[in-house]
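Colleague: quick one: sequence and predicted model below, then my questions.
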Amino acid sequence: MRATIEVHLPVFVVIMPLFVAFVLPTLARRIRLVEGVVTSTTVLWFLGAGYLASLVLIRNGNPIGYSLGGWPAPWGIELSVGSLSCLFLLMVAGVSLPVALFAAGNMAHEVGGPKRITRFYVLCLLLGGALAGMAVTSDLFNVFVLVEVATLSCCGLVSSRNHPLAAEAAFNYLILATLGSALILGGIGFLYIITGHLNMGFASQELNRIWQEYPHVVWMAVSFLLVGFGVKSALFPLHVWLPDAHSAAPSPASAILSGLAVKGYAICLIKVLYNVFGVALIQELGMHRILTLLGMIAITAGSLFALTQDKLKRRLAFSTVAQVGYIFLGLGLANSMSLAGTLFHMASHAVIKSGLFLAAGAIIATTGNDRISEMAGVGRQMPITMAAFTVCSVSLVGIPLFSGFIGKWNLLLGSLEAGNRLAQAVIILGSVLCAAYLFPIIRVAYFEPAPAADWQDPGLPQKTALILLAAGVILLGVAPGPFLELAKRAALDLLVMK
Amino acid sequence: MTDFILKRVAALLLPFIQMYGLYVILHGHVSPGGSFAGGIVVGLAFIAFTTIYGLKKGRAKISEKATALVESYGTLWYGLMGMVGVFKGAPFLANKIAGIDLGELGALSSGGLIGLIGLGVGIRVSSTMITLFFTMIEEES
């Protein structure tokens, strides 16, 4: 039995949330049951991802392969679980669990009746399944299908809030994301035309043999993919949909969208760039310079925009734009340190940003106000919520002993290794700006005189979720061992051509 | 307005359209078309019925609860067919190597699990068409 589960675990982590999502609509009348099922699914999912990660660590990072339907690689769809997949799976399942806890019994004011809430959970699980699929698949067309599933679920999640702003934001998001999907499909199509393979490994071998014969097609493919995934993961000039969508969505959805969904597309881009094109071809094409430049612009611009926002969730959303910049910067620097830093920062940002959004959601729900300038006294009256918010903010700035530090430190070491002075300056500038837009919130919440209102921390599941996320941030910062190990192995895997 | 001709012609034609849709679903693995296309034909028969006979009579034919059930379990059916491979000790979605008899080439009973998977897809697609249509039309009225 155990051996069977072990063999099939790579596909189980993808289909389990999908299966549960299909059953949920029939349970819509009993909302407590739905919430229980979703929470226990995420627990099981997290355990599965953890077990898979331990298997990969025991195998010294050797990927576990799985052929769907028993068809071997060039013909069938191949799943391959390496260090990169494990890190991402752990991140997705690990963040989904507290978000599910936070959402339990707390959705009525933002979403509506039991039917709408059930739909919200269905979309969450579909998105989770799609993200897990992105982590494990090594088939290009499968990537496109999963990107579509994730995109449509994200649009649904944004529009699930019963507010006209949410509908408008979801519509904008849908239009831009569809454009991105079309570009991704085009890019994959170009790759398929010249290589004749959809499996990443085989496409990569073929591409590196023949790319000089079709330089223009390769350029088209890589630029289509960069812009397509760039739109979806909110790379700076293409981020316009993100602040509206992420601030208009219900808070648990904002946490998933900002923490996980954006990273899913980034993982797809990493897989396509490093596993299909390969680091040598990226540098030959000069793509690494474009990625670094875009990353630096995104960090600076995202942080500056965040500084000017007075609405709490919008400020956090712009902060996501800046952090996505870090991911792309690390990709562009293309050495083992910077890639490990990028991957670790991705995971730690997922935990941090979901913590921030959930805390913001709790604050906004209690005070009925989303302006930072009117948050005075929240720190005294909602101690646990604000403590979680503070831990996450401090970590995002990159102060030692918190998770954000380790990712940024490795990125900084990577930029030193690459000898890129400007990148070093921007990484540090990003941290300073991050402090400049997050610390005032903490100052207002703790040190300004409180109005005579009776605000309280949210209920027990919500408090547990916030404490879990804050504990996760501290754990990742104090004892990053296995996670950093996975990130470093994943970085090495990406740099070595198979 | 009574729309006598339209209603009589629809009453005559719709059963055949539905039969045709079911035929395309069931023969998806041996002939052109497939369960997706067949599911759309079945769904369109319901949509035609509703547009001709009115929303009330259309809803009486297939309730919201029924479409929700069919939609959920149609997709789950696909997954369960995939799990057959796992229970037989082969990979997810395995067919022949899970020891399933593929039958004679070109016969309706051939293809192992593919026909059954197609049934799930067809049911799901038809009920999705119906749900989409009803969602839009009920929003209007």
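Modeller: Noted; the coordinates are in hand.
Colleague: flag every residue of chain B that's near chain A.
Modeller: Chain B comes close to chain A at residues B:68-69, B:71-73, B:75-76, B:79, B:82, B:85-86, B:89-95, B:97-98, as judged by CB under 8 Å from any CB of the partner chain. (C-beta placed from N, C-alpha, C; glycine too.)
Colleague: can we see that at 6 Å?
Modeller: For chain B, the residues in contact with chain A (CB under 6 Å from any CB of the partner chain) are B:68-69, B:72, B:75-76, B:79, B:86, B:90-94, B:97.
Colleague: where neighbours are concerned, which of those residues has the most?
Modeller: B:L93 (25 neighbours; other CB atoms under 10 Å in any protein chain shown).
Colleague: wait, A:M382 sits on A:D454?
Modeller: No. Using CB atoms under 6 Å, A:M382 is not in contact with A:D454; the gap is 11.0 Å.
Colleague: the more surrounded of the two?
Modeller: Applying other CB under 10 Å to A:M382 and A:D454 shows that A:M382 carries more neighbours, namely 23 against 6.
Colleague: what pLDDT does the model give that one?
Modeller: Looking at A:M382, its pLDDT stands at 89.
Colleague: how about it, what does it touch?
Modeller: A:W455, A:D457 (CB atoms under 6 Å, 6 or more residues apart in numbering or on different chains).
Colleague: go with 10 Å
Modeller: A:359, A:362-363, A:366-367, A:388-389, A:445, A:455-458, A:463 (CB atoms under 10 Å, 6 or more residues apart in numbering or on different chains).
Colleague: just the helices in chain B please.
Modeller: With DSSP state H as the criterion, chain B has helices at B:4-26, B:35-53, B:55-61, B:64-87, B:113-140.
Colleague: give me the contacts around the third one.
Modeller: Among residues not part of helix B:55-61, those counted as contacts by CB under 10 Å, 6+ apart are B:46-54, B:130, B:133-134, B:137-138, B:140-141.
Colleague: can you pick the most crowded of the residues you listed?
Modeller: Result: B:I130 is most packed of these (other CB under 10 Å), 25 neighbours.
Colleague: what sits in contact with each of A:M382 and A:D454?
Modeller: Here A:M382 and A:D454 have A:T366 as joint contacts, going by CB under 10 Å, 6+ apart.
Colleague: tell me if I'm right that A:N199 and A:A73 touch.
Modeller: Yes. In this structure, A:N199 is within contact of A:A73 by CB atoms under 10 Å, at 5.2 Å.
Colleague: which of those two has more residues huddled nearby?
Modeller: Taking neighbours as other CB under 10 Å, A:N199 and A:A73 compare with A:N199 leading, 23 against 17.
Colleague: got a list of what that one touches?
Modeller: Contacts for A:N199 (CB under 10 Å, 6+ apart) come out as A:72-78, A:80, A:138-142, A:205, A:276.
Colleague: between these, which is nearest A:S348?
Modeller: A:S80 (24.5 Å; CB to CB).
Colleague: which neighbouring elements make contact with the helix or strand harbouring the closest one?
Modeller: Using DSSP states H and E, A:S80 sits within strand A:78-81. Contact partners of strand A:78-81 among helices and strands, from 3 or more CB pairs under 10 Å, 6 or more residues apart in numbering or on different chains; DSSP states H and E: helix A:2-23, helix A:31-58, strand A:64-67, helix A:114-136, helix A:200-210.
Colleague: and if we set it to 6 Å?
Modeller: Under the contact definition 3 or more CB pairs under 6 Å, 6 or more residues apart in numbering or on different chains; DSSP states H and E, strand A:78-81 sits against strand A:64-67.
Colleague: could you pull out the buried residues of the strand or helix carrying A:L412?
Modeller: Following DSSP H and E, one finds A:L412 within helix A:403-418. Residues A:403-416, A:418 are the ones in helix A:403-418 that count as buried (16 or more other CB atoms under 10 Å in any protein chain shown).
Colleague: could you give the mean pLDDT of whichever helix or strand comes after it?
Modeller: Counting by DSSP H and E, the next helix or strand C-terminal to helix A:403-418 is helix A:421-447. Averaging pLDDT along helix A:421-447 gives 93.
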